[in-house]
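>>> Can you look at this prediction? I've put the sequence above it.
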Amino acid sequence: MPDFGFQRDSMVRHQIAARGIDDAGLLDAMRTVPRERFVDDSMRDYAYEDGPLPIAAGQTISQPYIVARMIEIARVAPGDRVLEIGAGSGYAAAVMAQIAARVYTIERHAQLTALARGRFDSLHYGNIEVRTGDGTRGWPEVAPFDAILAAAGGPDVPEVLKQQLAIGGRLVMPVGRTLHHQRLVRVIRTGEFRFEQQDFDDVAFVPLIGTYGWAEDGSRPMPTPRDRDDAPVTTLPKKIAKAAEPLPNLDDPAFGALFDRFADARVVLLGEASHGTSEFYRARAAITRRLVEHHGFRIVAAEADWPDMATLDRYVRHRPPRENAEKPFQRFPTWMWRNREFESVVQWLHRFNADRAMGDRAGLFGLDLYSMGASMRAVIDYLDDVDPDAAHAARERYACLTPWTRDPAEYGRMSVRAGHALCEPAVMKTLMALLDKHREYIADDGPGEATEWFDATQNARLVRNAEKYYRTMYEGAAQSWNQRDQHMFDTLQQLLDAGGPQSRAVVWAHNSHIGDARFTEMGMRGEFNLGQLCKKRWGSAASTIGFGTHTGTVAAASDWDAPMQVMSVRPSLADSYEAQCHDSVREGARVLRFLLDLREGVHGPLREALDKPRLERFIGVVYRPETERFSHYAQAVLPAQFDAWVWFDETRAVRPLGADRHATDAVPETYPFGL
């Protein structure tokens, strides 16, 4: 009988340690796991050879050194939660299970899954969970992971896997433009939106087959599985064209009038497929103007920070500006609101409110929570005016967060390390003090002063929720996303409650926030969003309108905090909703600009044809055309996601205002942006 223990020790000394791997815990794990138990009986004598070996289903068990090298690069450590893509024989998972707290491993071949599970059971490895599935999609329901390792080579690092990393998490996989020759890369998640990538060794792995990898036939990218229509697919663009309502020019009052069908809603949510497209801003402006001027909507709330929009709100509602106020929208991405298109909305609202009583003026409000430092200052400034003693107490409480205002994500990291929420009690006390003294603070004030109290209270709520948001960043992408959208919804509800039972709101936010998340890949990842919460709260009285485009230009950055560029938008992918809209032809001509009413009972045949999962494009403030399929497309069911869809076949970038340091083709500053 072979002396497998001797062979195992020799393997570690000559194949692994001799090549420079010196992590004691990793070497011990390699000495512990019986590799001969993870190959077929006929291959046991070769288990410790310095190379890969064939296993069932036409796959291979990797060379021992490569297994160790990937674990080393991934920095798998005690206490880690690890995801492995491609369980294969189960050997690498068994090695990692000697080090990490828990290992989750996915295998696309059911035969290999069964064999690996049997080996784990017989060897009593109780901290490994294995399942059959498409590994390129990851394992979202148990994310985030401290480390992800892919034992197969793909054309790119799938964005969906990167999003399942914890902050500080490491992903290691072979990446290459051909099926069998790659380089090992490591991606480290350094922040909510930040990733660093390094290249390591040349390798040759089996191809990563799946939705975000290679196709079975070696093509790229992998076609996304979807149910086809009963009729040929070419009939769908015809159905779209038949139901499409052509839209007039954006400057024509008839454009906004086409949306009167949603005027009875309590909330109308207007989306956008990118944060830098002129037509989306101008269309939302036309619809908003119609709802405000003709249907009594008085709340315009946007995916923007509360203090920045509060500065604009003072201008549009003819209230005096705050002393020493900072210019609004100085934080990346400045062009998202400091652009000519939105500036025209601000000036229109200013004119609309000029002759109206304060209670009948339409206001601008921010729903987002990235302004922790500015909101803290706003609370203290208010208390300095109405209650200096309370202002002193607030300064002392907020001092806990003050060191982190430049990099609040670091506060989240420190709280996780400390094992508790460092500043949660302090920020909660400040909010509760404001709420408790409501009557005292506004007792002798006029209507304008009562607005000041509401503004201060909302800033205090934002600080409380932002503190929690930056902590949940380290629990996973789904948790932090949910915290952010819950804050948006709560802020919207506060605005409506403050306005009274007849108040109504128009909301501007990205499609990913306003389209019901239950009918997108977001829901599969455990994420909810503002639109879903509105539908749950108000039902059909919440109307969601999505926007899309085929091609053109967009204002975006190549990475977070990078300069703005005017980028070309690639034509939409053939398997997407956008491509179906682009191909819609009526009377021999393409329908370039239209509205699709997707509500139940309006266009039954079209809803039925669209009611299949397809790709939908999402471009945020970052656009990466070179990896567009993986970075910007996700599965969705359009008629369940939105009540209506607004289509512009070709679009152009927004035009930034002059003080924007990222701007191109800039225009001079105008008040209130040029404070």
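Okay, I see it. Numbers count the residues shown, from 1 in each chain.

>>> could you point out which element follows the lengthiest strand in the chain?
Using DSSP state E, we find that the single longest strand of the chain is strand 542-556. From strand 542-556 onward toward the C-terminus, using DSSP states H and E, the following helix or strand is strand 565-569.

>>> Averaged pLDDT, that next one. What do you get?
Averaging pLDDT along strand 565-569 gives 96.

>>> Please save the CA atoms from the helix or strand following it in PDB.
The first helix or strand that comes after strand 565-569 along the chain, using DSSP H and E, is helix 577-582. Provided in PDB are the C-alpha atoms of helix 577-582 (Å, rounded to 0.1, in the frame of the first residue of the first chain):
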ATOM      1  CA  TYR A 577     -35.600  45.000 -23.800                       C
ATOM      2  CA  GLU A 578     -33.800  48.000 -25.200                       C
ATOM      3  CA  ALA A 579     -33.000  46.100 -28.400                       C
ATOM      4  CA  GLN A 580     -36.700  45.100 -28.800                       C
ATOM      5  CA  CYS A 581     -37.700  48.800 -28.500                       C
ATOM      6  CA  HIS A 582     -35.000  49.800 -31.000                       C
END
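
>>> which strands and helices sit next to helix 577-582?
Under the contact criterion of 3 or more C-beta pairs under 8 Å, 6 or more residues apart in numbering; DSSP states H and E, helix 577-582 touches helix 235-243, strand 542-556, strand 614-617, strand 644-651. In this view, the C-beta of every residue, glycine as well, is placed from N, C-alpha and C.

>>> so the second one versus strand 565-569, what angle?
Calculated by axes from the mean of the first three to the mean of the last three C-alpha atoms, to 10 degrees, strand 542-556 forms an angle of 110 degrees with strand 565-569.

>>> Walk me through which strands strand 542-556 pairs with, and which way each runs.
strand 267-270 (parallel), strand 565-569 (antiparallel), strand 644-651 (parallel) (DSSP bridges).

>>> any chance of these in TSV, plus distance to Gly176 and mean neighbour count?
Formatted as TSV, these follow (distance: least, C-beta to C-beta, whole Å; neighbours: other C-beta atoms under 10 Å):
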stretch	distance to Gly176	mean neighbour count
strand 267-270	42	28
strand 565-569	26	18
strand 644-651	34	23
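
>>> Show me where the stretch 51-200 of the chain dips below the pLDDT cut-off.
177-180 (pLDDT under 70).

>>> Run through the strands of it in chain order.
Per DSSP state E, counting those that start in this stretch, the stretch 51-200 of the chain carries strands over the ranges 53-54, 60-61, 81-85, 102-107, 128-132, 145-150, 165-175, 182-189, 195-203.

>>> quick one, which of those strands is nearest to Phe547?
In terms of C-beta to C-beta, the element of these nearest to Phe547 is strand 195-203, at 27.7 Å.

>>> who touches the closest one?
For strand 195-203, the surrounding residues in contact (C-beta atoms under 8 Å, 6 or more residues apart in numbering) are 66, 69, 73, 153, 157, 162, 174, 181-190.

>>> Domain map for this protein?
4-203, 235-651 (automatic domain parsing).

>>> Out of these, which gets nearest to Tyr212?
Nearest to Tyr212 among the domains of the chain is domain 4-203 (3.7 Å), distances taken as C-beta to C-beta.

>>> quick one, what contacts Gly168?
Here Gly168 is in contact with Asp146, Ile188, Arg189, Thr190, Arg413, Tyr474 (C-beta under 8 Å, 6+ apart).

>>> Show me which of those residues are buried.
Buried residues within these, defined by neighbour count using 16 or more other C-beta atoms under 10 Å: Asp146, Ile188, Arg189, Arg413, Tyr474.

>>> how near is the fourth one to Leu596?
Think Arg413. For Arg413, the distance to Leu596 equals 45 Å [C-beta to C-beta, to the nearest Å].

>>> so what's Leu250 closest to, chain neighbours aside?
Arg282 (4.6 Å; C-beta to C-beta, 6 or more residues apart in numbering).

>>> Would you check that the one you found makes contact with Leu247?
No - using C-beta atoms under 8 Å as the test, Arg282 is too far from Leu247 to be in contact (11.4 Å).

>>> just to revisit the earlier point, I'd like the strands paired with strand 542-556 written out as a markdown table, with distance to Ala609 added.
Formatted as a markdown table, these follow (distance: least, C-beta to C-beta, whole Å):
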| stretch | distance to Ala609 |
| --- | --- |
| strand 267-270 | 24 |
| strand 565-569 | 26 |
| strand 644-651 | 13 |
